Every structure is written in structure tokens, then in C-alpha cells.
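# Quick check, what structure comes out for this input:
(3 chains)
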Amino acid sequence: MTRTSGEIAKYLGARLEGDAFVEVTGVASPGGARPHDLIYVDSARHLSRASTSAARVVIVPLGAGLAGKTVLEVNDPKLAFAKVAAWIVERPRARAAIHPTAVVSSTARLAAGVSIGPYVVIEDECSVGQNTTIAAFCYVGREAQVGEDCWLHPRVTLYQGAQLGNRVEVHSGAVIGSDGFGYVFGESRQWKFPQIGNVEIADDVEIGANTTIDRGSLETTHVGNGVKIDNLVQIAHNVQIGEHSVIAAQTGVSGSSTIGRQCVVAGQVGIADHCRIEDRAILGAQAGIPSGKTIRRGQTVWGTPARALDKFKEQYGLMARLPALAERVRKLEELKEKQ
Amino acid sequence: MTRTSGEIAKYLGARLEGDAFVEVTGVASPGGARPHDLIYVDSARHLSRASTSAARVVIVPLGAGLAGKTVLEVNDPKLAFAKVAAWIVERPRARAAIHPTAVVSSTARLAAGVSIGPYVVIEDECSVGQNTTIAAFCYVGREAQVGEDCWLHPRVTLYQGAQLGNRVEVHSGAVIGSDGFGYVFGESRQWKFPQIGNVEIADDVEIGANTTIDRGSLETTHVGNGVKIDNLVQIAHNVQIGEHSVIAAQTGVSGSSTIGRQCVVAGQVGIADHCRIEDRAILGAQAGIPSGKTIRRGQTVWGTPARALDKFKEQYGLMARLPALAERVRKLEELKEKQ
Amino acid sequence: MTRTSGEIAKYLGARLEGDAFVEVTGVASPGGARPHDLIYVDSARHLSRASTSAARVVIVPLGAGLAGKTVLEVNDPKLAFAKVAAWIVERPRARAAIHPTAVVSSTARLAAGVSIGPYVVIEDECSVGQNTTIAAFCYVGREAQVGEDCWLHPRVTLYQGAQLGNRVEVHSGAVIGSDGFGYVFGESRQWKFPQIGNVEIADDVEIGANTTIDRGSLETTHVGNGVKIDNLVQIAHNVQIGEHSVIAAQTGVSGSSTIGRQCVVAGQVGIADHCRIEDRAILGAQAGIPSGKTIRRGQTVWGTPARALDKFKEQYGLMARLPALAERVRKLEELKEKQ
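Numbers count the residues shown, from 1 in each chain, chains lettered A, B, ... in the order given. Got it, this is the predicted structure:
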């Protein structure tokens, strides 16, 4: 979609310096940009990257001029860039149609404008909201519900009854609604604890490739509005994730744990069962949260078992100085001997 | 399936207090139950949850009465609940039929009562045992064998020759029999070590979504009877897993390691190559077992590198007190100076 | 493929002791071998395994004779064994043909000798090089390019524009070119940072089952020649991996990090964003490399946060002796009190 630099300035509420009629057709990095791509620089230190770029329009921090370019000054250039990208970059979705190879139950309800790709299977009593795209090889289990404007990339599995809100994007290979992992050992074998709850994904959620989200055992697994989940993440049964939290790749959240709103969970974090991560908490990469633990609102933790970031740094600093400490103790002992 | 409270008491060997003729049609949590659902409480502390539940029949610990409900007293309520659930909750499997879109080799042997879903591919010389369900998009490679009463959820891949016993359940996206990861570096490149062994999954195994189990290099990868494996687990070539062990999500077991019987491996554990985890060992979440290490029968270990749980606790306790220890050493030095 | 012991000796440049005309038809382990299988022993200590094997031809270390067998003496028996296996063991690929159920765009360019399995989807403007095998349920997105002699196992997804070189092997469930994970928080929601770069996989790369490799955000994600990646690995946007590096299972590499040539990354390693792993570095299992960190050429590191292996060992050794150290400090304090 083509917009002028002036239209973009208006959309962003940005201060425009330069030509208000440059046509912008896409976004790019400074090095990869063509003249009609929009670029951004995050700080004044990186302005030189922009000045040597072919791009004619640059989003810059407030007060950072740039000779020879049309600049849009904003408070948060990266945010402004993301907003413009969401506005002008069209994502290549398939056109509305039902591919003749799709196997769609006669009891499924498909709204107007849906796109169903080749070899999709949609079971009985499903519903799919309008303008939703379901790409090749997706499996939509019995009674599953997919909202409006969703995008399921190829090879997504929704188990029976899984519920997706509106504008949910799910990447290839993700599995939503698989059985949780619960067994009771007795009489020399493992008995499966019933995994008959459901799974609800709210609106504006994005789910990464090959991520798995289990259905509840007796309750419902819930992923809140605006949550973003990276690739290869495991969300176990009965987990509750609050609005706008982000969870990076390969993190695992165990059964019945809750994550608050606007939390940031880095990669390869392990959250054991029945934990409570309060709003806006930040869990550092590879952190391990032991069973039943609470992380307080806004706290940043690190390590396994996770502790407050400053504690973690102090302890690891001391660990690095352990050899020196041991040597100091040895010297004190030596002096003692001599006395 | 409907059973009366009396029939359930008999099945469990439970002491029934109340009405032996209440019909039970399902299981639920106390909060989510309808009158004909069975619920349980694990300890006397939680009896109040049951008393306010709509459920009429409750499994309780021995000696824990509950006014106004029909109670079934047992030694282990959670186990009893799982057993009743396995007995009365019907799991919604597709009816026996071969979907017209399935591509089934003429040399494959399908027993009676199998259900083959849409877009399943079954290659030459495979066999599928009776009453087995193979859902949409599963790929059963040449000469693979699937036993009786198995359930392959949508999008499971069995590589050539993979063998599954009876009553094996495999969740969506799991891959069984992929090549192991072995290379020898020489002449400026990596040479692939042959990955031509096989993979055998015994009876009553459950395998989680997007889990990967590699075939052996020259030997056979083996998963024993009753083993339960969670989502996103990696089992490498030549691994042997003993009966009734459970392995939680995102754990990785490296080449040629063995896990004994009834072991419990928590989430995100890493077991390096050629380890030996003996029977009933317990590996805590995120534990790392170094190459070639043995974990003794029944031992509980934690941390990386893993050590006995009490040692781990002692060391981490001391680590938390390292700042204080360093300060004490500083004081001793100060006193020394003054002398 | 059948070769004689003499032909194999010539191929390897090995010293042959025994019969130069034994036919060899495969490779095996000493215990599993039949007479015409080739086996190897890595060190003189394991010669007894070979002498009791049914195999007639054995690759052994230089100078290690073995009565009753035809031996091929080489400097590196395991490497020699892998080379012979690559030469004589035929891997069972489907014959060249396009399955009638494949949905192939009329604008896709398929070279001679390709094999396209059942239910493959190949979108517009793709190209597939000669003798490449694309197995069942693979999805090749619009404008994706696959080189010559590649092998995509069942259920591989290539997103739009993904590029694969020659002789690339991709295992089942892998996803290449999914969106990277990047958001900017503002106005009470997460805005998606554009993920419109591409992904290039060079020649002779192998990619494990259920591994995910994201496309670049604005740049290109690049995996170099000869790189080998295990199962369930996550490669984030803009990552660059140098030639002949190997990355074991469940490792995650975060955005914009670079890995040099011939690096060895063990299992469950976490590399945060913007790290620089230089050539031939070795990262131990479960190591965690913090954001922006450089690991020097040839260095071996361990732990989280990762440090040099000898430092790691010293610190962990001291940690194990912390109880003793604390006790020694207590004693010094006691003596001090008495003074």
C-alpha cells in the first residue's frame, strides 16, 4: 500500500522535516532499503547508517535531524516503525476460496470470506469466522471454533473443541489442545489422569512454529488477549496467561501455573507447576521457577532456582571470586598456625 | 458410559457411604461438576470444595465423611478417580473406516476395525493392528508396524520400519524414527555416521505433541512398556527407556543413554550421552546429567551438573549466604591487620 | 551396493591385511553384523568385540591386527567407517515421479528426476532442482527455491521465499522461514515488528525433526554450507551460522546472533541475542550465553552464564567445597573469640 511521508507523519503524530509527498511503499533496514522504503534509526548514534541508505524517508528520535532525507521525528522510532509496517505492508494471504481438496464437514459453519487451503480437514460442528485463512494441512478438530481474521499457517492442529478468538495467528506445526501430561502411579502402572478440559486462545494472540498448548485436565487452559508466544514453547494443562505477555522460544510452563499481564518470559525458561508469575514480572533466559513459587509484580528474576536479578548478580560475582576467597581463608589459617 | 455409585464402589473396592444408586456419567472438578459427575478430594483439608459442588458422588480419603453427599472412601483418591475416569469416560475416536482420500499401499496389512483418517499415507509393507485409529495427515513409512488399539492423532510421522506395540497413543506432530544426529569431522567436512538402526515403542506408551524419537544409529532405540513422554521431548539414537518411566516436557536424552524402570524425569532435563539412570531415580527440572554419568537407583538429583538433592540444597543455601561469608572473611582479615 | 574389501581399502587409502576379495554389502555394529557387513573398532581396547563378530571385514586403528578377520588399518576408524557407509549404503528414497495427489502450481519449475510425494503442496513460482525428493505433506511456499539432490522428509514446511541449496536434507516436521519473534510494546499492546526478511540454507545442510528456523526481520537468516542441526532446535531471525558447525538438540539461538565456522554447540544451549560465537568455539550442554557476549575463537565454555571450561570446573569444585570453606571460616572466628 502506498502512502506519502505526510500521511505517515499524520498517522504517527510525527514532526515532519522535508518533503511531505515522498511515496512510501514498504519498510526495510537502512542497508537493504530502496528509495521508497521507510527506515528508522533508534538513536542519534546510528544516524550515519540512515544517511548512507537509499531510503528517502527516515523515522528518527525527537530532535535528530538528518540532512538530505525526509525525517519523521517521534518519541519511540522503533514503535513508530512497527506501527507503519503494520499499516502499509500487506501480508501475502491466500484469496478467499475453499480449495476443492479440503475435507470440510457438512456441519461446519464457515463465514464469508474464509480461505481454506489444499488438504485442510475441518471436522463436524466447527465454526470459522469471516476473513479467516486456514492454510494447507491444517486440522480443525470437532467442535473447534476459530474467530474472525485469523491466520493458521500450514500444518496447524486444533484438537477437538479448541477455541480461538479473533485475529489469532498460528504458525506452522503448532498443536493446540493436545492432552495434558498427568498420570497417577498405582498397581504397577501409570493411570492417565483425565485430560478433558478445554483450551481457549483469546484475541490478537500469535503462536510460534511447533509450539504446543495442552488442553486443561478438568479446567480450561487460557491464553489472554494480545499474548505473543514464540516457537517450540510448551504450555501445559490449566495454565493461565494474562494479557499482552510475551513468551520467548523453548520456554515451558508447567501445569496450573499462572502468568500475569504484560510479563516478559525470555527463552528456555522453565516454570514448574502451580507457580504464580505476577503482572509485569520479567524472567531472564533459562531461569527456573520452582514448584509453587510466586514471582512478585514487576520483579526481574534470573537463574535456577530463580532469584532477584541483583541477588543473582551478587552471587555470581562472588562465585567468580570464590577461588580468591578460598585463598584468603587459607592465608588466615596459615597466619593462625604461625601464632 | 453410565455407572451407579455402587458399581463404582465395587470396581474400586471402596467403602460407600450414602446412596448406592446414584447414576454417574462423567468426571469433573468440584467447581465444574454437574450432579451426575464424579469428583474427588485428595485430602480432608479440601472437603469444603466438595460439599459446595453440584456433584452427588465424591471420592474421599479413608475416614473422611461428607454430609449430604454419597462418598466413596479409598486409600488414594486421585488414583481411584483416574481409574474410574479410564473406565467410564469415552474418548471420542473416529469410527472404523478408511477415508477415501487415504493413500494406502496395496501391500499394507490393515486389521479389522481400523480407522484411517483423511489424507493418511501408509506405505508399502506396513501393518496396522485391529481397532487402531490413525488420524488425518499421519505418515506411516515403509515396513512400519503399528499394533492394536493404538491412537495416532493427526500429523504423526513414523519413519520407515518404526515399530509400535499395542495401546500406544501418539500426539499430533510427533516424529518417530528420524535419523539420529551423528557426524564425524574429517577432510574439512562433516561425514554422516550411518543412522540405520530401528526404533521400537513397546505397549501402553503415550508420546506427546511434537516430540521426536530418533532411530538407532547401528542399534535400536527402545521405549519400554507403559512409558509416558510429554510434549517436545527429544529422545536420541540408541536410547533405552525402562518400563513405566515418565519424562516431562522439553527434556532431551542424548545418544546411547539408558533410563531405568519407573524413573521420573522432570521438564527441561538434559541427559548427555552414554549416561545410566538407574531404576526409580528422580531427576529434578532443568537438571543436567553430564556425559557418561550414572545416577544410582532411587536417587533424587537436581542442578547442573546434577547432584543429590540434599547436596544441591546445601550448596545453594550456602551460595545465598556467600555475601555474608565474604564479609566474615573480610572482618577476620581486618582484625588480623590490627594485630 | 556391493564392494570388495580391496576396493574399500583403496577408497580409504587403508592398509589391508587379509583377503582383498571379501564382498561387503552393508555396515553394522559388531554385535549386529552379518558376515558381509563392515564393522569398525575405534581403539585397540575394543578389538575383542570385533573378533567375536560375524563380520568378516573390520576397520581398525593403525597397527591393530586381528586374527581371523580381514582388517583395514586407518588413522581414524570411525571417520573411515562413516565414509564407507556414505559410499555403499543406499538410502531408500522414492523413485522419480510426481504423485497424482500433489498440488503443484503451474508456475512452479520442477527439474528432471524430482520425486514429489502424495499430498505435497507446491505454490506459485517455486523451483525444485533435479533429483530432489519432496515427501508426503510437505508445503513449499510461494517463490521458495529448493536445490538439487535435496531430501525433504514428510511434513516439512517452507514458508514463502525460503531458499535451500543443494544436497540439503530436512527431517519431518521442520519449519523453515516462519516469522521471527519481535514486538514493540506501546499504547497498551504489542506491535509486531515486521518479519519480512528471508532465510537461506546453503549446501549440504541437514536439519532435524521439528526444528524451526525463522526468516529474518529485515535481513536474511543464513545457515552456511555443511552445517548440521539436530531436532527441536530454534534458530531465530537474522541469525548467521558459519560453515560446518554442528548444533545439537533443543538448542536455541536468539535473534541476530552469529555462530562461526566449525563450532560445536551441544544440546539445550541457549544463545541470547546479538552474541558472537567465533570459529571453532565449543559450547557445553545447557550453556547460557548472555546477550551481546562474544565467545572467542576456539574457546570451550560451560555453564550459565557461560565461562571458560577450566574456570567453570574450578568454580564448581569450590562450590562443592563451600560447606567445608564455611566451616573453616567458622573455626577461625571461634579462635578469634578465644583470643
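# pLDDT wise, what is residue A:339 at?
Here the pLDDT value assigned to residue A:339 is 69.
# for residue A:162, same thing?
Per the predicted model, pLDDT is 98 at residue A:162.
# Next, give phi and psi for it.
Dihedral pair for residue A:162: phi -60, psi 140, per degrees, to the nearest 10.
# Could you do residue A:241 as well?
Backbone torsions for residue A:241, taken as degrees, to the nearest 10, come to phi -120, psi 130.
# Residue A:266 now?
phi -80, psi -170.
# so what's it up against?
The neighbourhood of residue A:266, defined by C-beta atoms under 8 Å, 6 or more residues apart in numbering or on different chains, consists of A:248, A:251, A:282, A:283, A:284, A:285, A:286, A:287, C:272. For the C-beta atoms, the positions are set from N, CA and C on the backbone; glycine is no exception.
# From what I see, the first one and residue A:285 are in contact.
Read it as residue A:248. Yes: applying C-beta atoms under 8 Å as the test, residue A:248 and residue A:285 come out as touching, 7.5 Å apart.
# and the stretch 51-200 of chain A, which of its residues are near chain B?
Proximity of the stretch 51-200 of chain A to chain B (C-beta under 8 Å from any C-beta of the partner chain) is limited to residues A:103, A:119, A:121, A:137, A:139, A:141-142, A:155, A:157, A:159-160, A:173, A:175, A:178-179, A:181, A:183-186, A:188-194, A:196.
# change it to 6 Å
A:103, A:119, A:121, A:137, A:139, A:157, A:173, A:175, A:178, A:181, A:183-184, A:186, A:189-191, A:193-194 (C-beta under 6 Å from any C-beta of the partner chain).
# What about those residues, which are in strands?
A:103, A:121, A:139, A:157, A:175, A:178, A:183, A:184, A:186, A:189, A:190, A:191 (DSSP state E).
# Can you select the buried ones from those residues in ChimeraX?
A single ChimeraX command selects the buried members of those (16 or more other C-beta atoms under 10 Å in any protein chain shown):
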select /A:103,121,139,157,175,178,183,184,190,191
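# Among the ones in strands among the residues of the stretch 51-200 of chain A next to chain B, which pair sits farthest apart?
Across those, no pair lies farther apart than A:103 and A:186, at 41.1 Å, counting by C-beta to C-beta.
# What number of residues are in the vicinity of residue A:2?
Residues near residue A:2, counting by other C-beta atoms under 10 Å in any protein chain shown, number 10.
# OK, contacts around it?
Counting by C-beta atoms under 6 Å, 6 or more residues apart in numbering or on different chains, residue A:2 touches A:23, A:25.
# quick one: contacts for the nearest residue to residue A:157 once chain neighbours are set aside?
Closest residue in space to residue A:157, ignoring its immediate chain neighbours: residue B:172 at 4.1 Å, by C-beta to C-beta, 6 or more residues apart in numbering or on different chains. Shown in contact with residue B:172 (C-beta under 6 Å, 6+ apart): A:157, A:175, A:178, B:153, B:154, B:155, B:209.
# Closest one to chain C out of those, please.
residue B:155 (6.5 Å; C-beta to the nearest C-beta).
# List the contacts of that closest one.
Counting by C-beta under 6 Å, 6+ apart, residue B:155 makes contact with A:157, B:137, B:172, B:173.
# Closest one of those residues to residue A:300?
residue B:173 (33.5 Å).
# Give the buried residues for stretch A:247-267.
Buried-residue list, stretch A:247-267, by 16+ other C-beta under 10 Å: A:247-263, A:265-267.
# Let me see the ranges of the helices in chain A.
Using DSSP state H, the helices found in chain A span residues A:5-12, A:47-51, A:77-88, A:309-320, A:322-338.
# I'd like the ones you listed as a markdown table, with distance to residue C:45 and mean neighbour count appended.
As requested, the helices of chain A are exported to a markdown table (distance: least, C-beta to C-beta, whole Å; neighbours: other C-beta atoms under 10 Å in any protein chain shown):
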| stretch | distance to residue C:45 | mean neighbour count |
| --- | --- | --- |
| helix A:5-12 | 71 | 19 |
| helix A:47-51 | 59 | 16 |
| helix A:77-88 | 59 | 21 |
| helix A:309-320 | 39 | 16 |
| helix A:322-338 | 37 | 14 |
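# Geometrically speaking, which residue is the centre of chain A?
residue A:228 (2.6 Å; C-alpha atoms, centre = their mean).
# May I have the beta-bridge partners of it?
Counting by DSSP bridges, residue A:228 forms beta bridges with residue A:206, residue A:246.
# swap in residue A:23?
Beta bridges link residue A:23 to residue A:4 when assigned by DSSP bridges.
# What count of nearby residues applies to it?
Around residue A:23 there are 13 other residues, counting by other C-beta under 10 Å.
# How about residue A:89?
Count around residue A:89 with other C-beta under 10 Å applied: 17.
# and what of residue A:301?
With other C-beta under 10 Å as criterion, residue A:301 counts 23.
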